[in-house]
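Colleague: my questions are about this predicted structure, shown below with the sequence.
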Amino acid sequence: MTNDLQIRKFIINWINLSNYCSSLLPEDAECSLIQDGYIDSLGFLNLIAAIEEKFSIEVDFEDISPEEFTTISGLTRSVAMLFKNDS
Amino acid sequence: MNNNTETLANKLQESFSQHLERNAIYVDGSYYQYYEINNAALTIANVIKKSPGLNSKYISFFCSRIIHSYTAIAGILISGHAYLPLNPKFPPNRLHQMLENSKCNTIILSEECAEYFFKIENLTEKLYIICPEPGNLIMKLKKIIKNHSFVFPQDSIQKIESIISPTVLPEDPAYLLFTSGTTGIPKGIPVSHANVCTYLNYTIKKYKVSPDDRISQMFDITFDLSVHDIFVSFLSGACLYIIPDSSIMAPAKFIKEHKLTLWFSVPSVAMFMEKMRMLKPSSFPTLRYSLFCGEAMPKRSAEAWQIAANNSIIENLYGPTETTIAITSYRWDTQISPEECINGIVPIGWPFDSHFTHILFDDENVANIVDKGELCLAGPQVTSGYINDPSQTSERFIYIGNDGKRWYRTGDIVRQGKNKCLFYLGRTDDQLQIRGYRAELQEIDQVIRKVAGTDLAISVPKLLSPGQAETVYAFIQGKNNEFSIEEILQYCRQNLPEYMVPTEIIFIDKIPVNVNGKINRKALMEKI
């Protein structure tokens, strides 16, 4: 069972292990990943690919605005929603 | 085509007066009608005309994509001057070079950029700072800063007067944009009224733009593709939709909500939206035309976009700033275009009406046996050259043969296929595009060499495709402990736009050289 906390941890760990961000994101970080400069748009695509592989899902953000899915909590919610829609 | 007497200023005033009651701009959740844009622009133009001292050829504005940027552009043009956009995403030293190089003494400053503007150091020239909507910060700065003069339009202009545009000639500049330069100093490209009117007349007619159109605006105003958005819309009485920064990489919801009819972006946006599964069948049925420019367009992005924008004609445009916005185009055809792509890249097509292409081969004698060479362009959109840089101008703007045509050497390698269709293959030099922005690697090298105090420093792109990079790495010969990485990166951030700042600094025992003793950038590229 995948829960919000697992998704959130995965996102933060992935960013911290990547070369995109010079400072480490704390576990309770709340920020806009692209606008605040933690990651660029290509890095974001790589993050999405990693999420898809890890959780064996396909993202579909057709009706979600980027303001939502580019924040840590918004991305967590958007990914969690995909599990709910599947079940 | 341009009839040789028209200017952007006259065309703007004519269109504004015809569409006063229509929506002109949607920005930050509000609509502004043409009469509001006209009044704000006339206020700026009145201030410029009536204040002694505001007399530089170029007048700059420093705002993000907020309403004041668009009214500043219109006001500056109507006053008979040319506009120079400054970008808050640029580092202070670059802004300083742009102001100095253009000898600009007047700037329109928004409250949101005021603090950052005063980080530009060593502004020795007295500046006239026009503040259309001064807030607390500007009023505070006015008290502290004594060497510049602040102008408040609401104080100095009691009554808005219509302006009879002064004697602006078609060959006078309408705007000035800077691109990356090899010497470490950005190159200024003035674009004349005749250049830009030729482009706009052709484009508005070709895409049948009308007052009912709803047009996207997502390019930074320092990127010349924004000139297309703004003036195609303003001169047609259409409505310009400013896509907020937060939505810029995936604006699917914005396109649907506002029922946009004309789209213009870099192809990466289509690629990004496809990966986010935003390009579903008939997602954007209102789009009539979708234009892409600024980087090589992958076939896959064109195919995916066509499925989503099912009623839209897709065109891939190509053009350097030196030849005004775009100068060739290729119309995507679902039936035949996939076959025509080379290496999965959509062709750049054919030149616009009244323009010419020539392919320059290294050796004219081998022209019959090799099929690729450097693209040169001629015609009324070709600009006059670089400001204060006769040597670069004569190097890039040349005469071929005796027909009197002046050609711009693009530095882009192309192949000409059947029916003379052009295919972009890459660059002749170290210039490339990083995430759609044009950049010279030598400019990055110069900055790193200066701060590191060594000539053995070199930047290397991480390429996505020929001429297109995701990011840049820098190699320095020496040991890690001899330099402060943070100091080097900090200096880069102060002197280069964000996209040109290296992702990583790598120390290496010996920078590889080729047989001629030249630094071997290719060997370093294999290390990243």
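Modeller: Good, I have the coordinates.
Colleague: any idea of the mean pLDDT in stretch A:11-19?
Modeller: In this model, stretch A:11-19 carries a mean pLDDT of 83.
Colleague: three-state assignment of residue B:330?
Modeller: Three states are possible here, and by DSSP: H, G, I helix; E, B strand; the rest coil the one that applies to residue B:330 is strand.
Colleague: CA atoms only: put stretch B:288-304 into CSV for me.
Modeller: Output for stretch B:288-304, consisting of C-alpha atoms alone and laid out as CSV, is shown next (Å, rounded to 0.1, in the frame of the first residue of the first chain):
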residue,chain,number,x,y,z
ARG,B,288,-6.2,27.6,-35.1
TYR,B,289,-2.5,27.8,-35.5
SER,B,290,0.4,26.4,-33.3
LEU,B,291,3.8,27.9,-34.0
PHE,B,292,7.0,26.6,-32.6
CYS,B,293,10.4,28.3,-32.8
GLY,B,294,13.7,28.8,-30.8
GLU,B,295,15.1,25.2,-30.9
ALA,B,296,15.0,22.1,-33.1
MET,B,297,11.5,20.6,-33.1
PRO,B,298,11.3,16.8,-32.5
LYS,B,299,8.9,15.0,-34.9
ARG,B,300,7.4,13.3,-31.8
SER,B,301,6.4,16.6,-30.3
ALA,B,302,4.8,17.7,-33.6
GLU,B,303,2.8,14.5,-33.8
ALA,B,304,1.7,14.6,-30.2
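Colleague: let me know whether that stretch sits next to chain A.
Modeller: No. With C-beta under 8 Å from any C-beta of the partner chain as the threshold, stretch B:288-304 lies outside contact range of chain A, at a closest distance of 12.6 Å. Any C-beta I mention is one placed from the backbone N, CA and C, and that applies to glycine too.
Colleague: residue A:51 reaches residue A:9, doesn't it?
Modeller: No. Residue A:51 sits out of contact with residue A:9 when judged by C-beta atoms under 8 Å, with a separation of 11.9 Å.
Colleague: what parts of the stretch 251-400 of chain B come near chain A?
Modeller: Contact residues of the stretch 251-400 of chain B with respect to chain A, defined by C-beta under 8 Å from any C-beta, are listed as B:251-254, B:268, B:272, B:275-278, B:280, B:283.
Colleague: buried members of these into ChimeraX, please.
Modeller: One line in ChimeraX is enough to select the buried ones among these; burial here means 16 or more other C-beta atoms under 10 Å in any protein chain shown:
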select /B:251,252,253,254,268,272,275,276,278,283
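Colleague: residue A:51 and residue A:9: which has the busier surroundings?
Modeller: Between residue A:51 and residue A:9, counted using other C-beta atoms under 10 Å in any protein chain shown, the more crowded position is residue A:51 (19 against 13).
Colleague: that one and chain B: what is the separation?
Modeller: As for residue A:51, its distance to chain B is 12 Å (criterion: C-beta to the nearest C-beta, to the nearest Å).
Colleague: rewinding a little: dump the residues of the stretch 251-400 of chain B next to chain A into CSV; add pLDDT as well.
Modeller: As requested, those are arranged in CSV below (pLDDT from 0 to 100):
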residue, pLDDT
B:251, 91
B:252, 93
B:253, 91
B:254, 93
B:268, 85
B:272, 86
B:275, 85
B:276, 87
B:277, 89
B:278, 92
B:280, 94
B:283, 96
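Colleague: tell me which two in the residues of the stretch 251-400 of chain B next to chain A are the farthest apart.
Modeller: Every pair in these was compared (C-beta to C-beta); the two farthest apart turn out to be B:268 and B:280, at 19.3 Å.
Colleague: point out where chain A drops to low pLDDT.
Modeller: Under the criterion of pLDDT under 70, the regions of chain A flagged as low confidence span A:1-2, A:19-23, A:86-87.
Colleague: tell me where it has helices.
Modeller: Along chain A, counting by DSSP state H, helices occupy A:4-17, A:41-55, A:66-69, A:72-86.
Colleague: what helices or strands is the second one leaning on?
Modeller: Translated: helix A:41-55. Identification of packing neighbours for helix A:41-55 by 3 or more C-beta pairs under 8 Å, 6 or more residues apart in numbering or on different chains; DSSP states H and E yields helix A:4-17, helix A:72-86, helix B:267-275.
Colleague: so which of the ones you listed is the most packed in?
Modeller: Mean neighbours per residue, mean count of other C-beta atoms under 10 Å in any protein chain shown, is largest over these for helix B:267-275, with a mean of 23.
Colleague: quick one: contacts of that one?
Modeller: Taking contacts as C-beta atoms under 8 Å, 6 or more residues apart in numbering or on different chains, the residues outside helix B:267-275 that touch it are A:41, A:45, A:48-49, B:218, B:248-252, B:279, B:292, B:294-298, B:300-302, B:304-305, B:308, B:316, B:435-436.
Colleague: just the CA coordinates for it, please, in PDB.
Modeller: Output for helix B:267-275, consisting of C-alpha atoms alone and laid out as PDB, is shown next (Å, rounded to 0.1, in the frame of the first residue of the first chain):
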ATOM      1  CA  PRO B 267       9.100  22.900 -28.800                       C
ATOM      2  CA  SER B 268      10.200  21.900 -25.300                       C
ATOM      3  CA  VAL B 269       6.900  23.000 -23.900                       C
ATOM      4  CA  ALA B 270       5.200  20.400 -26.200                       C
ATOM      5  CA  MET B 271       7.700  17.800 -25.100                       C
ATOM      6  CA  PHE B 272       7.100  18.500 -21.500                       C
ATOM      7  CA  MET B 273       3.300  18.500 -21.800                       C
ATOM      8  CA  GLU B 274       3.400  15.200 -23.700                       C
ATOM      9  CA  LYS B 275       5.400  13.600 -20.900                       C
END
